[in-house]
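Undergrad: Prediction below, plus the sequence it came from.
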Amino acid sequence: LTIKDNGIGMDENQLLNIFDPFTRLHTKEAFEGTGLGLAICKKIIEKAGGEIWAESKKEVGSVIFLTFPRKI
């Protein structure tokens, strides 16, 4: 599953941190949020046996990739 946006994007060196709890790339005045959303997603997906990662290009947008295990 992929989720794509055409938002502000981010530098590659920031991608490793976006799934850490309370990690914010901008001030609260610039953008709302607590920095928990992607951390919660990561916890849920990994608990289900899946993976989550992101690709992004500054000023272009981001893509979040999610995988889930196939049940047999």
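TA: Yep, it's here. Numbering: from 1, shown residues only.
Undergrad: alpha carbons only for contacts and neighbour counts from here, please
TA: Noted.
Undergrad: Can you show me the helices along this protein?
TA: Assignment of helices within the chain using DSSP state H yields the ranges 37-47.
Undergrad: any weak-confidence spans in it?
TA: Counting by pLDDT under 70, the chain shows low-confidence ranges at 72.
Undergrad: Which residue comes closest to the residue nearest to the spatial centre of the chain once chain neighbours are left out?
TA: For the chain, the residue sitting closest to the mean C-alpha position, by Cα atoms, centre = their mean, is residue 38 at 4.8 Å. Across the structure, with Cα to Cα, 6 or more residues apart in numbering as the measure, the residue nearest residue 38 apart from its sequence neighbours is residue 19 (5.2 Å).
Undergrad: was I right about that neighbour contacting residue 42?
TA: Yes. In this structure, residue 19 sits in contact with residue 42. The criterion is Cα atoms under 8 Å, and the distance is 6.6 Å.
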